[in-house]
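Engineer: Starting from these lines, generate the structure:
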Amino acid sequence: MSRSFAAGSPHQHRPRAFALFHPRLGDSLNITSSDASGITHCLTREASFMSSDPLDFHGIDYVEFYVSNARQAAHYYRTALGLVPVAYSGLETGVRDRASWLLSRGQVHFLLTSPLGPESAPEISRHIAIHGDGVRDIALRVSDARAAYEEALRRGAKSAQQPQEFEDGSGRFVRASIATYGDTVHSFIQRQNFRGIFPGFKEIQNPPPAPDTGVAAIDHIVGNVELGQMNHWVAFYRDVLGFSQLTHFSDKDISTDYSALMSKVMQNGSGRIKFPINEPAEGKRRSQIEEYLIHYGGPGVQHIALATKDIIATVDALRAAGVDFLRVPETYYEELPSRIGEIEEDYRELGRRGILVDRDDEGYLLQIFSQPVQDRPTVFYEVIRRHGSKGFGAGNFKALFEALEREQAKRGNL
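Structural biologist: You can find the predicted model right below:
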């Protein structure tokens, strides 16, 4: 039986767009949330940002993608993932070199950016030519962007953009960026009573309706790097950004008969921001990480995990909107009750949808992975629901990677 979220008019309740990025909103999933598509925001926790460390991150502010056609990409993310277009920047707002669409739902904020001419924004055109549509910027919210940038450089980071300051009469917006793996950057974002969304952006009045998919926040973002580079970037996140290692998976943990990979998960002090970093391992055939590196043209963001409070309803909504998911063999579900034990959900309903389950000492989680969302087999999405578990589905690795290998074989890339 299909489940759905509470019905409501897509324009029934539309809070001011700046509230989506107010620096005291926090990123907790202990919320019932509604954005421009009609869900009601009720935030139950505020984060305290009184810290002397300039690299004390409050959360992920937004994720920016460089894409070949931002308008069409925005249509996909609205109709397929249910994100609501809330702001636009381009020729009509006085920006001459690029067009950008900001889409949001809950604590998920995606910025889609395209160049407006072959020479107007060469760094964007180059990124798209090499990588296709992909993540350029994982922006991190801080109290003082300039201080965070200067401290990161002092610790060994490379500059990607010096601090830029904008004022709107009532507050300041400050952005500065450092380089990380591949062509990916981290921008430090400071919003000090800033009433706009971004400088040069105009709020979208009466946005078109988007399906209520129930995605609420970004759980983690996974990066793929070359063989031998994982420990280098682990050290970068530890020594430069002050992250710590949450867990480590060796090639024995993540392997099949044909391929393997290694992964280490880095997180910030609050545990709000989690970045697994993958590298390929030696195997008989080409691993999924190698396939990604070939088609993406180097290191980059492999997938973004989106958290939900009801994974069955979310998967139903996404699938109805046209999102394709990986499937594991039916035999996976035969031993699941004995391996996992009692859970809130019905195992039969999970099996019908291809949702995976894993348990650790702190609880269990439910997860499912999409097919790549562009023609290149690169970026895809995970949907995750945590019931206490802080893991990443280690018990599902073998079944998942065998499913990925079947897709690689179809593409001739195994």
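Engineer: Any regions of the stretch 51-200 of the chain where pLDDT drops low?
Structural biologist: For the stretch 51-200 of the chain, the stretches with pLDDT under 70 are 51.
Engineer: ranges for the helices of it?
Structural biologist: In the stretch 51-200 of the chain, helices defined by DSSP state H, counting those that start in this stretch lie at 70-79, 122-131, 145-154, listed in chain order.
Engineer: Return the list of helices and strands in contact with the first one.
Structural biologist: Applying 3 or more CB pairs under 8 Å, 6 or more residues apart in numbering; DSSP states H and E, one finds that helix 70-79 makes contact with strand 84-89, strand 98-105, strand 108-115. Every residue, glycine included, has its C-beta placed from N, CA and C.
Engineer: follow-up on the earlier one: and the helices of the stretch 51-200 of the chain: which comes nearest Glu362?
Structural biologist: helix 145-154 (31.2 Å; CB to CB).
Engineer: List the contacts of that closest one.
Structural biologist: Here helix 145-154 makes contact (CB atoms under 8 Å, 6 or more residues apart in numbering) with 54-55, 142, 159, 162-163, 174-178, 188-190, 240-241.
Engineer: run the last query once more with 10 Å
Structural biologist: Helix 145-154 has contacts (CB atoms under 10 Å, 6 or more residues apart in numbering) with 53-57, 140-142, 144, 157-165, 172-178, 186-192, 240-242.
Engineer: now do stretch 293-300
Structural biologist: 127, 129-132, 134-136, 180-184, 223-227, 229, 233, 277-280, 286-287, 289, 292, 302, 372, 374-379, 411, 413.
Engineer: in a strand, that's where Gln205 is, yeah?
Structural biologist: No: using DSSP: H, G, I helix; E, B strand; the rest coil, the assignment for Gln205 is coil, not a strand.
Engineer: Now for it, how many residues are close by?
Structural biologist: Using other CB atoms under 10 Å, Gln205 has 7 other residues around it.
Engineer: ok, it to Ala70 distance?
Structural biologist: Gln205 is 19 Å from Ala70, where distance means CB to CB, to the nearest Å.
Engineer: now swap in Phe194 and tell me
Structural biologist: For Phe194, the distance to Ala70 - CB to CB - is 23 Å.
Engineer: show me where the stretch 301-414 of the chain has strands.
Structural biologist: Listed in chain order, the strands of the stretch 301-414 of the chain (DSSP state E, counting those that start in this stretch) span 356-360, 363-369, 380-387.
Engineer: how about Leu366, what does it touch?
Structural biologist: Neighbours of Leu366 in contact, by CB under 10 Å, 6+ apart: 308, 310-312, 314-315, 343-345, 350, 353, 355-358, 383-387, 389, 393.
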